[in-house]
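> Got a predicted model here, sequence first, then my questions.
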Amino acid sequence: QVQLVESGGGLVQVGGSLRLSCAASGRTFSSYVMGWFRQAPGKEREFVAAIHRRTDGYTVYTDSVKGRFTISRDNAKNTVYLQMNSLKPEDTAVYYCAAGGGTWYGEERDWTKYDFWGQGTQVTVSS
C-alpha cells in the first residue's frame, strides 16, 4: 500500500511558476512509475507527466506542457515533483499524483494503469 500526499498548489498569475510535491509512504517508492494528472471543472482527467523507476528516470509529457513543466523524483525522500513554469489559465485544475506498480512504457498516459492516488491539490492561474 502506498499513500500519496500532494502539496504546493495555489493561486498564481499568468506566466508565474509553482512547484508541486508528492510525498509517498512505503519503502518501495523507487519501484513505482510516478505520474501527474489534472482535472479541470467539467472536464475529464488528463495526463500531465510521468517518470519511470530509478533505473532510468525516463520521462513523458503531454504536448501542452512540454518545455514548461518538469517532472523529477528524489527516491531518497520518497517524493516526486512537478515544476511548472510559464503557467497559463488553461493549466488551472486539480492536480493529482499517482503511483503505478505495473505501469509499462507506453502506458504512462492511461490513468487506469496507476494503483494509488493522492487527494489532489488545486492550481489556479489568473489572467
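Received the coordinates, thanks.
> Tell me, what's the model's pLDDT at the residue sitting nearest the centre point of the chain?
With distances taken as C-alpha atoms, centre = their mean, Trp36 lies nearest the centre of the chain, 2.1 Å away. You'll see Trp36 listed with a pLDDT of 98.
> Let me know whether it touches Glu46 as I believe.
No: counting by C-beta atoms under 8 Å, Trp36 does not reach Glu46; the two are 9.9 Å apart. In this view, the C-beta of every residue, glycine as well, is placed from N, C-alpha and C.
> Who are the contact partners of the residue nearest to the centre of the chain?
Residues counted as contacts of Trp36 (C-beta atoms under 8 Å, 6 or more residues apart in numbering) are Leu20, Cys22, Val48, Ala49, Ala50, Ile71, Val80, Leu82, Tyr95, Tyr96, Cys97, Ala98.
> If the first one is in a bridge, with which residues?
Using DSSP bridges, the beta-bridge partners of Leu20 come out as Leu82.
> so what's it up against?
Residues in contact with Leu20, defined by C-beta under 8 Å, 6+ apart, are Glu6, Ser7, Gly8, Gly9, Trp36, Tyr81, Leu82, Met84, Tyr95, Cys97, Thr121, Val123.
> For the last one, which non-adjacent residue is closest in space?
The spatially closest residue to Val123, leaving aside those adjacent along the chain, is Gly9, at 4.8 Å (C-beta to C-beta, 6 or more residues apart in numbering).
> can you check the third one too?
Spatial nearest neighbour of Gly8, excluding adjacent residues (C-beta to C-beta, 6+ apart): Leu20 at 4.2 Å.
> how close does that neighbour sit to Phe37?
Here the criterion is C-beta to C-beta, to the nearest Å. By it, Leu20 lies 12 Å from Phe37.
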